[in-house]
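>>> The amino acid sequence is not available; the structure is as follows:
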Ligand code: COA
């Protein structure tokens, strides 16, 4: 039996922290679906197509990883994909309450879809997508915080060289 897991998120954009969780999860499960979803309270900076394209480029060397996207409830999508679990990363205690609520709500909605938490590598525990966007928009170096493809997309948005490019805040 193929054991499929889903790693959902906004990935706006994906960071090295996300990529670390992706690579480690792909070692545990036969098939990993990195699923770009919509958090209704967020206004996205990158389009869905851009987020999917960046992730596809990141995982192109990993045959058991698929990038996808979904609308609606995550648990419904997980059931449709025959996923045995949802994976979420935990960076610090501050993530815990939000993640606990999501996991419990998801379990309440569909009893047989469980969530597994993976601790984010400590090198990435301070990284979040919105901070990366802010640093890039102000010309800071993000090369060790995001995969090369994401750095390229951010540079395209904020200027050819985000260190010296136009200082535009994220929308
Ligand atoms: N490394 C670095 N950063 C990480 C990280 C890691 N390992 N794990 C999370 N983060 C950061 C992200 O960068 C992001 O930062 P930001 O807030 O600055 O953008 C933040 O943590 C959380 O983002 P993410 O993990 O992408 O989750 P999300 O909360 O934006 O999206 C969905 C969660 C899409 C999975 C959720 O909204 C969902 O399931 N939506 C579908 C609708 C649904 O089913 N709703 C009911 C849910 S109970």
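Structure received. No experiment lies behind these values; they were computed from the predicted model shown. Numbering: from 1, shown residues only.
>>> so where do the strands sit in this protein?
Secondary structure of the chain (DSSP state E): strands at 4-9, 31-36, 65-69, 83-90, 114-119.
>>> Just send these back as a markdown table, with mean neighbour count, distance to residue 127 and mean pLDDT too.
All C-beta atoms are positioned from the backbone trio N, CA, C, and that covers glycine. Output for those, formatted as a markdown table (neighbours: other C-beta atoms under 10 Å; distance: least, C-beta to C-beta, whole Å; pLDDT from 0 to 100):
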| stretch | mean neighbour count | distance to residue 127 | mean pLDDT |
| --- | --- | --- | --- |
| strand 4-9 | 23 | 13 | 98 |
| strand 31-36 | 23 | 17 | 98 |
| strand 65-69 | 19 | 20 | 98 |
| strand 83-90 | 21 | 11 | 96 |
| strand 114-119 | 15 | 14 | 96 |
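>>> okay if I get those strands as TSV plus distance to residue 157?
Shown next, in TSV, are those (distance: least, C-beta to C-beta, whole Å):
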stretch	distance to residue 157
strand 4-9	19
strand 31-36	18
strand 65-69	20
strand 83-90	24
strand 114-119	29
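>>> outside of stretch 55-65, which residues touch it?
11, 14, 19, 22-23, 26, 29-34, 36, 67, 147, 149-150 (C-beta atoms under 8 Å, 6 or more residues apart in numbering).
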